[in-house]
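Enquirer: A predicted structure for the sequence below; I have some questions about it.
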Amino acid sequence: MLVSTPSDKPPRRSSGGTPADPAARPSRRTFTAEYKLALVAEYENAPNGEKGAILRREGLYSSHVIEWTRARDAGRLGSGPAEPAEPRRKSTEQIELERLRRQNAKLTSDLAKTRMALDIMGKAHALLEELSGSTDEDRPPTRS
């Protein structure tokens, strides 16, 4: 029995002469809003036995159709661009405001920690004074 190992075969080469990546993934498919709407309508109008045939023909899963139907019902399908909008850039005032808010939060936290430490130090000082006062009273007078 012959078993083929990777070293038995020469590496596949792409058209450029370099070895092709066997694990290369194809790019993700994108669908237009018109395609989604047409497919959802076709899927909903098909009898129960033909719905699976539509999915196989298009290479889709039922979850795609369910997701697209929900988007259509919510008004998100076909009402805007298929691609997500580019995030808006923040103005310099907004950036400065965020920086100042972060700084304010940090300083407020530091102040709370400092106040707590001072409170603890005050209590420790009072306790030590009380202990030192009570030890002076408990001692018998010494002879000089």
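Expert: Happy to help now that I have it. Residues are numbered from 1 along each chain as shown.
Enquirer: quick one: pLDDT of the residue positioned nearest the centre of the chain?
Expert: In the chain, the C-alpha nearest the mean C-alpha coordinate belongs to Pro87, at 16.0 Å (Cα atoms, centre = their mean). For Pro87, the pLDDT comes out at 70.
Enquirer: so it belongs to a strand, correct?
Expert: No - applying DSSP: H, G, I helix; E, B strand; the rest coil, one finds Pro87 to be coil, outside a strand.
Enquirer: contacting residues for it?
Expert: By Cβ atoms under 8 Å, 6 or more residues apart in numbering, Pro87 lies in contact with nothing. To be clear about C-beta, it is placed using only N, CA and C from the backbone, and glycine gets the same treatment.
Enquirer: please tell me how far it sits from Ala41.
Expert: As judged by Cβ to Cβ, to the nearest Å, Pro87 and Ala41 stand 33 Å apart.
Enquirer: verify the stated contact: Trp68 with Ala41.
Expert: No - judged on Cβ atoms under 8 Å, Trp68 makes no contact with Ala41 at a distance of 10.4 Å.
Enquirer: the two: who's more crowded?
Expert: A count of neighbours by other Cβ atoms under 10 Å puts Trp68 above the other of Trp68 and Ala41, at 21 against 12.
Enquirer: in what helix or strand does that one lie?
Expert: Using DSSP states H and E, Trp68 sits in helix 62-74.
Enquirer: ok, then the element right after that helix?
Expert: Scanning forward in sequence from helix 62-74 by DSSP H and E, the next helix or strand is helix 92-138.
Enquirer: residue ranges with poor pLDDT in the protein?
Expert: 1-22, 79-86, 136-144 (pLDDT under 70).
Enquirer: so what are the structural domains in it, by residue number?
Expert: Per automatic domain parsing, the structural domains of the chain span 33-74, 94-135.
Enquirer: out of those domains, flag the one nearest Ala24.
Expert: domain 33-74 (19.0 Å; Cβ to Cβ).
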